[in-house]
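Asker: Okay, predicted coordinates and the sequence, questions at the end:
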Amino acid sequence: MKKILLILAALASAATLRAQSFEIQVVDSLRPFASEDAFAGVGACGVLDVRTIRPFGLDEAARLLKPCMDAVAKKYGVSAVAEPGFLSVPQSGRSGKAGLLIKTGMTAGSKAHRELVASISRRQGRLLGHLTRVLTKDEVPPAAASALQKAIDGCMLPTVVRDVRSGDDFVRFYGKCLTRSAEFKIKEIRPAEGLAVTVDTAVSGAQVEAYNGFLTVNAGKGPVQVMVVAYGPQVHLP
């Protein structure tokens, strides 16, 4: 009887070892497919853990993210730049969304792409408080016309051509077209980097989202598109 018990114990031990060996093999085989945190161990990405009382504006967030994105680009050997932009455009009655676009030279499904997307997903799809989307190589970001175009069309003279090369030019030539319109309740308009402006408005919700988009103005060398990023009363611009 004692001999039988010893044999059974030996068989059970061997089965356990085989099961453990199988589990180790499975884990080892899956390890290449597991997504690591693209920001882990990257010193410049410590900014992602910053907590503030005031939400960051989109331009401000993009500037703060630049050193982190530069370091991530170096880590994977591929370009990665954070810019304010539109994650979606208005369609089927749904408003568009402004956020951060990570423009990359990554191939869809590559290790770098999988890890960057997974790392943002672990942060609820946001970086520095803003919804974030990763664009792969040659992927074109969404574009839509801003609902504010009506105000521009109402005060722009077809015979007057103004050279618009920056957000500052737009504010100087067309800013009052927006701020003096009672319909849109715009408190302030500021130039942002490049051909872009930020708009501070008293409206909220879907109406704010409808302001996000591009405005087309008459310029020296033909029509120019200026990107508008709008903020409601819940966000106080610096």
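Answerer: Done, it's in.

Asker: Let me see the contact set for residue 87.
Answerer: Residue 87 is in contact with 96-99, 101, 131, 133, 142, counting by Cβ atoms under 8 Å, 6 or more residues apart in numbering. No exception for glycine: its C-beta is placed from N, CA and C like everyone else's.

Asker: can you pull out the strands in the chain?
Answerer: For the chain, the strands defined by DSSP state E occupy 80-88, 97-104, 126-127, 130-135, 186-191, 196-201, 213-219, 222-231.

Asker: how much space between the closest residue to residue 225 other than its chain neighbours and residue 187?
Answerer: For residue 225, ignoring the flanking residues on the chain, the nearest one in space by Cβ to Cβ, 6 or more residues apart in numbering is residue 214 at 4.4 Å. Separation of residue 214 from residue 187 (Cβ to Cβ, to the nearest Å) stands at 21 Å.

Asker: So which residues of this protein form helices?
Answerer: All helices of the chain, identified by DSSP state H, fall at 2-30, 58-76, 111-121, 149-155, 167-179, 206-211.

Asker: Can you flag the weakest of those by average pLDDT?
Answerer: Mean pLDDT is lowest for helix 2-30 among the helices of the chain, at a mean of 46.

Asker: Nearest to residue 154 among the strands of the chain would be which one?
Answerer: For residue 154, the closest of the strands of the chain is strand 213-219, at 12.3 Å, according to Cβ to Cβ.

Asker: Give me the angle between that closest one and strand 97-104.
Answerer: With axes from the mean of the first three to the mean of the last three Cα atoms, to 10 degrees applied, the angle from strand 213-219 to strand 97-104 works out at 80 degrees.

Asker: pLDDT score assigned to the residue nearest the centre of the chain?
Answerer: Nearest residue to the geometric centre of the chain (Cα atoms, centre = their mean): residue 100, 2.2 Å. Per-residue pLDDT puts residue 100 at 91.

Asker: which one is it nearest to, not counting chain neighbours?
Answerer: Using Cβ to Cβ, 6+ apart, the nearest residue to residue 100 is residue 132, at 4.4 Å.

Asker: With residue 39 instead?
Answerer: Leaving out its chain neighbours, the residue that sits closest to residue 39 by Cβ to Cβ, 6+ apart is residue 45, at 4.0 Å.

Asker: Am I right that residue 88 is in contact with residue 143?
Answerer: No. Judged on Cβ atoms under 8 Å, residue 88 makes no contact with residue 143 at a distance of 10.7 Å.

Asker: More neighbours: the two, which one.
Answerer: Legend: neighbour count by other Cβ atoms under 10 Å for residue 88 and residue 143, higher for residue 88 (17 against 13).

Asker: and the closest residue to that one other than its chain neighbours, what does it touch?
Answerer: Once flanking residues are discounted, residue 88 sits nearest to residue 97: 5.0 Å by Cβ to Cβ, 6+ apart. Residue 97 is in contact with 86-88, 131, 209, 212, counting by Cβ under 8 Å, 6+ apart.

Asker: again, but for residue 147
Answerer: The neighbours of residue 147, taking Cβ under 8 Å, 6+ apart as the test, are 207, 210-211, 213.

Asker: closest to residue 77 among those?
Answerer: Within the contacts of residue 147, the smallest distance to residue 77 is 34.5 Å, found for residue 213 (Cβ to Cβ).

Asker: What's the separation between residue 146 and residue 79?
Answerer: Taking Cβ to Cβ, one finds residue 146 at 28 Å from residue 79.
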